[in-house]
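Visitor: next come a sequence and a model predicted from it.
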Amino acid sequence: MDLDTLLARVRGLADAALTLLPGLVLGLLVLGLAWLLAGAVRAAIARAVGLRAASPGVALVLGRIGSGLTILVGIFVGAAIAFPSINAADLFSVLGIGGVAIGFAFRDILQNALAGILLLLTHPFRLGDQIKVGEFEGTVEDIQVRATTIRTYDNRRAVIPNSDLFSGKVLVNTAYDKRRLAIRFGISQDDDIAEAKRAILGAALGVEGVLTEPAPAVRVAELGDTAVQLDLLLWIDPPRRVEAREVIDRVLVRAKPVLAATVELRQAAAQ
């Protein structure tokens with residue numbers, strides 16, 4: 001190949017590049033505008049959903065979907081401007097083939113993403129709820145595209161795939177305003193059950209955090225060979241973990257001397 005031929009090819013490539021350059025620049029500008037517009041769309045959707053008193057999670061997922069679609073449209077328009085020879089049919093064909101390939105390659109990711117969207121739209125639980133999933137229990141911090149993050153009570157982060165949450169069993173401890181607690185007490189077979197019930201119930205009444213409506217109650221849970229198990233059933237509001245632990249602590253601290261006095265009275269009467 002002689003020098004003149006080489007120079008001619010270089011000039012031809014330079015002319016082609018200069019021909020494409022304005023379209024490329026304009027296409028990049030369109031993509032940049034779409035990126036900026038996506039942020040505005042996300043904010044507008046979040047504001048509109050918030051006006052309808054929907055949960056923050058719904059506003060979050062709808063905002064992400066709206067911004068993603070805006071960027072996708074910007075990519076299509078930018079590609080059509082930068083490469084005029086490519087028509088819309090070609091773009092959709094490539095998108096269809098690529099979508100099938102991506103679907104097979106990232107099936108689990110897409111499944112978790114769809115489960116996350118459904119969780120936010122159906123809201124079996126919300127951000128800030130305290131839930132139990134298998135061996136994990138804590139407060140819901142975020143529902144992301146792939147997984148939901150939970151802050152456990154000992155201040156660790158549990159990352160749970162959304163598909164497990166959507167199809168599995170989830171216990172929502174803060175789904176309702178009130179929560180019932182059961183505190184078990186054991187008494188001897190020789191102790192008076194009715195007297196023990198009155199002592200336990202009296203210890204629970206007036207304890208800070210114990211609701212009077214519904215009223216506390218004591219029920220016989222089990223008649224063992226050596227002991228009788230009694231359950232103190234009481235209600236608290238709010239139903240969060242910290243309040244439950246504090247109420248249980250107060251009741252146990254107050255019930256111990258009352259039960260001890262009851263047993264001493266029975267022994268004195270027996271003598």
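Guide: Nice, thanks for sending it over.
Visitor: what's the helix or strand for the closest residue to residue 261 other than its chain neighbours?
Guide: With sequence-adjacent residues excluded and distances taken as Cβ to Cβ, 6 or more residues apart in numbering, residue 261 is closest to residue 199, at 7.7 Å. C-beta coordinates here come from the backbone N, C-alpha and C atoms, glycine included. With elements taken from DSSP states H and E, the one containing residue 199 is helix 193-204.
Visitor: can you name the next helix or strand after that helix?
Guide: Remark: after helix 193-204, the chain's next helix or strand is strand 217-223, criterion DSSP H and E.
Visitor: which elements pack onto that following strand?
Guide: When contacts are defined as 3 or more Cβ pairs under 8 Å, 6 or more residues apart in numbering; DSSP states H and E, strand 217-223 packs onto helix 193-204, strand 227-236.
Visitor: now the closest residue in space to residue 231 that isn't next to it in sequence: how far from residue 31?
Guide: Distances taken as Cβ to Cβ, 6+ apart put residue 221 closest to residue 231, at 4.4 Å, once the chain neighbours are dropped. Using Cβ to Cβ, to the nearest Å, residue 221 is found at 67 Å from residue 31.
Visitor: just the helices in this structure please.
Guide: Assigned by DSSP state H, the chain shows helices spanning 3-51, 56-82, 88-105, 107-122, 162-167, 193-204, 241-270.
Visitor: mind showing which ranges of the stretch 1-150 of the chain have poor pLDDT?
Guide: For the stretch 1-150 of the chain, the stretches flagged by pLDDT under 70 are 1-23, 49-61, 64, 82-106.
Visitor: tell me the phi and psi of residue 124?
Guide: phi -60, psi -20 (degrees, to the nearest 10).
Visitor: equivalent analysis for the one 5 residues further on, please.
Guide: Residue 129 adopts backbone torsions of phi -70, psi 150, taken as degrees, to the nearest 10.
Visitor: what's the neighbour count on it?
Guide: 17 (other Cβ atoms under 10 Å).
Visitor: contacts only, for it.
Guide: Contact analysis of residue 129 by Cβ atoms under 8 Å, 6 or more residues apart in numbering lists 139, 140, 172, 173, 174, 175.
Visitor: can you give me every residue that contacts the third one?
Guide: It refers to residue 172. Contacts of residue 172 (Cβ under 8 Å, 6+ apart): 124, 125, 129, 130, 131.
Visitor: list buried residues within those.
Guide: 125, 129, 130, 131 (16 or more other Cβ atoms under 10 Å).
Visitor: from what I see, the last one and residue 168 are in contact.
Guide: Read that as residue 131. No - using Cβ atoms under 8 Å, residue 131 is not in contact with residue 168, being 11.2 Å away.
Visitor: tell me the spacing between the residue nearest to residue 261 and residue 260.
Guide: Distance from residue 199 to residue 260, by Cβ to Cβ: 9 Å.
Visitor: equivalent analysis for residue 196, please.
Guide: 11 Å.
Visitor: same check on residue 237?
Guide: 30 Å.
Visitor: what sits up against stretch 139-149?
Guide: By Cβ under 8 Å, 6+ apart, the surrounding residues in contact with stretch 139-149 are 57, 60-61, 64, 109, 112-113, 116, 119-120, 125-131, 150-151, 157-162, 165.
Visitor: rerun that using 6 Å as the cut-off
Guide: Residues from elsewhere that reach stretch 139-149, judged by Cβ atoms under 6 Å, 6 or more residues apart in numbering: 57, 112-113, 116, 119-120, 127, 129-130, 150-151, 157, 159-162, 165.
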